[in-house]
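>>> fold the following and give me the result.
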Amino acid sequence: MAARTIVVGAGVLGLSVAERLAARGDLVTLVDRGEPGGGTSRTSFGWLNANSKVPRAYHQLNVEAVAAYRRLAGDPVVAPWLHLNGRIQWADEPADIDEMDVTVDAMRVWDYPVESISPDAARRLEPDLLIPHGAEVRFWPTEGFVVPQGLVDWLRRRANSQGVGLSIGSAVAGFSIEGARVRGVALDRGAHLAADRVVVCVGRWTEEVLALAGVHVPMQPATRGSPALGLLGYSALVPTRLARTISGPTLNVRPDTSTGRYVLQGIGLDHLAEPDTPPDPDGDAGRELLARARHVLSGFEGARLAELRVGYRAVPADRITVAGWAPGVDDLYVLATHSGFTLALHLGDLVAGEIVDGMAEPSLADFRPSRFGAPVPAGVEARAIH
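Numbers count the residues shown, from 1 in each chain. Predicted coordinates for the structure are as follows:
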């Protein structure tokens, strides 16, 4: 008989895991309080990479995850949202060059591809890129980006075709546990969904949701100045040509190929993000993002920001991916990572394999939730997660 599996969280990771579990024969229900991809997944830069991700096991997991995307690159259905055309990074101040090359040297030790190119070569790749002639430029050929909503929509269609059920509009308020074994979830509207196992993929809400089952997985808080919080600007249409991700000393920028806009991430501006406070695109942070963009790309002279979003990141307390069975509660699986878009497809395969086959995946051995130690005290009051 097929196992009944509930996946809590319909972001990019939850969608991927649900689709892969259903493909292996599980009867899957995906539960979320909002629309698929409407939480953390809608505030992601979408950068695909394994750059500066430590320790080595975490780096290698990301390398393999990008390779999984590369196997899809020739699919015309995938092409509109997947762009594995490399990333250009540059610096022109001595301290910034030194910092860049510390990263370059470390990545070369791990055989992660990187090339030194001239500013002229960078401008041949991206004609509208404004790089000083004396700058040092590095090209990371295996990196790229996804358009987040495109990937979410693609995964949602695949999940639907595999028969994944969708329950939206209710938050998880607790878990049904018999003995030490999970047997379903309770929703904040009073409903109970029975299951043989539950997978929690709720991103930045991981700590709160798991506490309802007495499981301890600490996350970085979404407070001002935290690595879990940032700002992303979305330009209005501008007459700029750009095909790939650019990283300068003060700005990361990539095209949004679904809209013709550009996504701007200011280096050192994340501390201006206020949780649960929609930022003003015409405010100080928005004006600073545009000023930086004008120094990086031609065509931004008269640009404006159409939108400025607070980006929420799912960052475990030690900043390393969490993947594995919850300690102390049987049949409860936990998945949380800051590298959600990079790892989504690869983790979907690995996690589904662990769950259905019952065999530990060696490449996930360093990411188990048991590393955080003792669970929260018993008797925590069940409550809805808002």
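
>>> would you map out the domains in this structure?
Split into domains by automatic domain parsing, the chain comes to 4-43+149-219+317-372, 82-144+223-312.

>>> start and end of the shortest one, how far apart?
Looking at domain 82-144+223-312, the gap from its leading to its trailing residue is 22 Å under the measure Cα to Cα, to the nearest Å.

>>> quick one: that domain to chain centroid distance?
From the chain centre to the centre of domain 82-144+223-312 is a distance of 17 Å (Cα atoms, centre = their mean, to the nearest Å).

>>> how about stretch 147-161?
On the basis of Cα atoms, centre = their mean, stretch 147-161 sits 15 Å off its chain's mean C-alpha point.

>>> would you mark the buried spots in it?
Counting neighbours by 16 or more other Cβ atoms under 10 Å, one finds that the buried residues in stretch 147-161 are 147-156, 158-159. Using the backbone N, CA and C atoms, a C-beta is placed for each residue, glycine as well.

>>> stretch 220-240 now?
Buried residues in stretch 220-240, counted by 16+ other Cβ under 10 Å: 220-222, 226, 228-235, 238, 240.

>>> stretch 240-247 too?
240, 242, 244-247.

>>> still on that earlier bit, restricted to strands, list the buried residues of stretch 147-161.
Mapping the buried residues of stretch 147-161 onto strands (DSSP state E) picks out no residues; all lie outside.

>>> so where's this protein shaky on pLDDT?
Low-confidence regions of the chain, defined here as pLDDT under 70, cover residues 374-386.

>>> quick one: the helices in it?
When secondary structure is read from DSSP state H, the chain shows helices at 12-23, 56-70, 94-109, 119-125, 148-161, 206-211, 284-296, 340-357.

>>> quick one, the fifth one and helix 340-357 angle?
Angle between the axes of helix 148-161 and helix 340-357 is 20 degrees (criterion: axes from the mean of the first three to the mean of the last three Cα atoms, to 10 degrees).

>>> now the angle from helix 148-161 to helix 56-70?
80 degrees.

>>> ok, residues contacting helix 148-161?
By Cβ atoms under 8 Å, 6 or more residues apart in numbering, the residues outside helix 148-161 that reach it are 11-12, 15-16, 18-19, 22, 28, 30, 36-37, 41-42, 44, 46, 77-78, 80-82, 166, 258, 341, 344.

>>> just the buried residues of those residues.
Neighbour-count burial within those applies to 11-12, 15-16, 18-19, 22, 28, 30, 36-37, 41-42, 44, 46, 81-82, 166, 341, 344; the criterion is 16+ other Cβ under 10 Å.

>>> was I right about Pro113 contacting Thr142?
Yes: using Cβ atoms under 8 Å as the test, Pro113 is close enough to Thr142 to be in contact (5.3 Å).

>>> more neighbours, the two?
When neighbours are counted by other Cβ atoms under 10 Å, Thr142 comes out ahead of the other of Pro113 and Thr142, with 18 against 12.

>>> now do the more buried one against Ala67, distance only.
Thr142 sits 8 Å away from Ala67, going by Cβ to Cβ, to the nearest Å.

>>> now swap in Gly230 and tell me
When distance is defined by Cβ to Cβ, Gly230 is 27 Å away from Ala67.

>>> how about Glu115?
Using Cβ to Cβ, one gets 19 Å for the distance from Glu115 to Ala67.

>>> what does Gly248 give?
From Gly248 over to Ala67 the distance is 27 Å, taken as Cβ to Cβ.

>>> among these two, which residue is more densely surrounded?
Residue environment comparison for Gly248 versus Ala67 gives the larger neighbour count to Gly248, 23 against 13, counting by other Cβ under 10 Å.

>>> enumerate every residue touching that one.
Each residue near Gly248 by Cβ under 8 Å, 6+ apart is listed here: 89-91, 292, 296.

>>> rerun at 6 Å
Listed by Cβ atoms under 6 Å, 6 or more residues apart in numbering, the contact set of Gly248 reads 90, 296.

>>> could you pull up phi and psi at it?
When read as degrees, to the nearest 10, the backbone of Gly248 gives phi -110, psi -180.

>>> and the closest residue to Val334 other than its chain neighbours, what does it touch?
Of all residues beyond its chain neighbours, the one nearest Val334 is Pro369 (4.8 Å), with distances taken as Cβ to Cβ, 6 or more residues apart in numbering. Under the criterion of Cβ under 6 Å, 6+ apart, the neighbours of Pro369 are 217, 322, 324, 326, 334.

>>> and the residues you listed as TSV, adding distance to Val182 and neighbour count?
TSV is the format used below for these (distance: Cβ to Cβ, whole Å; neighbours: other Cβ atoms under 10 Å):
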residue	distance to Val182	neighbour count
Val217	15	23
Val322	17	26
Gly324	14	21
Ala326	8	25
Val334	11	27
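
>>> just give me the closest of those residues to Phe300.
Val322 (38.9 Å; Cβ to Cβ).

>>> so that closest one sits right up against Tyr333, yeah?
No: taking contact to mean Cβ atoms under 6 Å, the distance of 10.3 Å between Val322 and Tyr333 leaves them out of contact.

>>> ok so, going back, next one: the residue nearest to Val334 from Arg204, what distance?
Distance check for Pro369 against Arg204: by Cβ to Cβ, it reads 16 Å.

>>> for Ala135, same thing?
Using Cβ to Cβ, one gets 36 Å for the distance from Ala135 to Arg204.
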